[in-house]
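Novice: Below are the sequence and a predicted model for it; my questions follow.
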Amino acid sequence: MANRKRNIQMKFYVTEEEKRLIDEKMVQLPTQRYGAYLRKMAIDGYIIYTDTADIKAFTKELSAIGRNINQIAKRINAGGPAYQADMDEIRERLDEIWQLQRHILSNQR
């Protein structure tokens, strides 16, 4: 082991599905050795980062409108009035949600 160029061993576990995917990708390269393939991917492979800020904002807006609708529903179920201002706020929130959704979808292309 002391005479080896690569004298540090690394081990990890995969599922059957992960192993199948690795095997499929290895077919695309001129190697049949896992060590060579995994070393190359670990050193030269790409990491794709997805910014989810838009999706978090979308989720926040959905939660806010959900809370508003629940408050209005509780008041109406208790015999209270339905106010036009409540309906207008819900419409405004829905418009914000649709705008966010269009923005998110346009960034995915």
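Specialist: Ah, there it is. Numbers count the residues shown, from 1 in each chain.

Novice: Would you mind giving the domain segments of this structure?
Specialist: 8-48, 53-107 (automatic domain parsing).

Novice: end to end, how far does the first one reach?
Specialist: Translated: domain 8-48. Distance between the two ends of domain 8-48: 27 Å, counting by C-alpha to C-alpha, to the nearest Å.

Novice: Could I get the full set of helices for this protein?
Specialist: 16-26, 34-44, 53-77, 84-107 (DSSP state H).

Novice: looking at those helices, which is closest to R4?
Specialist: Ranking these by distance to R4, with C-beta to C-beta as the measure, places helix 34-44 first at 11.8 Å. Bear in mind the C-beta positions are built from the backbone N, C-alpha and C, glycine included.

Novice: for that closest one, which positions count as buried?
Specialist: Applying a neighbour-count criterion of 16 or more other C-beta atoms under 10 Å, the buried positions in helix 34-44 are Y37.

Novice: pull the CA atoms of that helix into CSV?
Specialist: Presented in CSV, the C-alpha positions along helix 34-44 are these (Å, rounded to 0.1, in the frame of the first residue of the first chain):
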residue,chain,number,x,y,z
TYR,A,34,-15.8,2.1,-10.7
GLY,A,35,-12.8,3.7,-9.0
ALA,A,36,-11.7,5.6,-12.1
TYR,A,37,-15.3,6.7,-12.9
LEU,A,38,-16.2,7.8,-9.4
ARG,A,39,-12.8,9.6,-8.9
LYS,A,40,-13.3,11.5,-12.2
MET,A,41,-16.9,12.4,-11.3
ALA,A,42,-15.9,13.5,-7.8
ILE,A,43,-13.1,15.7,-9.1
ASP,A,44,-14.5,17.0,-12.4
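
Novice: And the residue nearest the centre of the chain, how close does it get to I65?
Specialist: Per C-alpha atoms, centre = their mean, the C-alpha nearest to the average position across the chain is that of T52, at 6.6 Å. Relative to I65, T52 is positioned 20 Å away (C-beta to C-beta, to the nearest Å).

Novice: Fine, thanks again, bye for now.
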